[in-house]
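> Mind folding the following:
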Amino acid sequence: MEPVSLTAAAIATLVITKAFEKTGEIIGEKAWDEGEKLLVLLKRKQPSTAKVIEQAKTQPLDYNQAYLIGQQVEEAAKKDPEIA
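Okay, the predicted model is just below:
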């Protein structure tokens, strides 16, 4: 069996792939944190919208329901800079 020799391109690809995986994890964590902050704000300022979002954790929404909630959050963000 011959030893495996990695080219510079193969090594670079591995390094870049790992870097993107790590970046994706960081972005995912940041998005999750920001989502939790938004939910806290909505609970205080738009409790009905927050309630529907929390219920979606156990009762998945169909596309139309998700779209309507997205519209509600967008409208709340337009009216309230803290939510935006």
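> Low-confidence bits of the protein, can you list those?
Along the chain, segments meeting pLDDT under 70 span 1-17, 19-20, 23.
> mind listing the helices for it?
Taking DSSP state H to define them, one finds helices in the chain at 8-45, 47-55, 63-79.
> Tell me what angle the second one forms with helix 63-79.
Counting by axes from the mean of the first three to the mean of the last three Cα atoms, to 10 degrees, helix 47-55 lies at 140 degrees to helix 63-79.
> Look up how far Tyr63 lies from Val73.
Per Cβ to Cβ, to the nearest Å, Val73 is found 16 Å from Tyr63. Heads up, the C-betas are built off the backbone N, CA and C, glycines and all.
> the more surrounded of these two?
Val73 (18 against 7; other Cβ atoms under 10 Å).
> List the residues that contact the more buried one.
Going by Cβ atoms under 8 Å, 6 or more residues apart in numbering, Val73 touches Leu38, Leu42, Gln46, Thr49, Ile83.
> Same question for Asn64.
Per Cβ under 8 Å, 6+ apart, neighbours of Asn64: none.
> Repeat that for Trp32.
Per Cβ under 8 Å, 6+ apart, neighbours of Trp32: none.
> gap between Gly35 and Ile27?
Counting by Cβ to Cβ - Gly35 and Ile27 are separated by 12 Å.
> And for Val40?
Distance of Val40 to Ile27, given as Cβ to Cβ: 21 Å.
> With Ser48 instead?
Taking Cβ to Cβ, one finds Ser48 at 30 Å from Ile27.
> so how many other residues sit close to the closest residue to Glu82 other than its chain neighbours?
Counting by Cβ to Cβ, 6 or more residues apart in numbering, Glu82 lies nearest to Leu41, which is 6.2 Å off, once chain neighbours are set aside. Leu41 sits with 16 neighbouring residues when counted by other Cβ under 10 Å.
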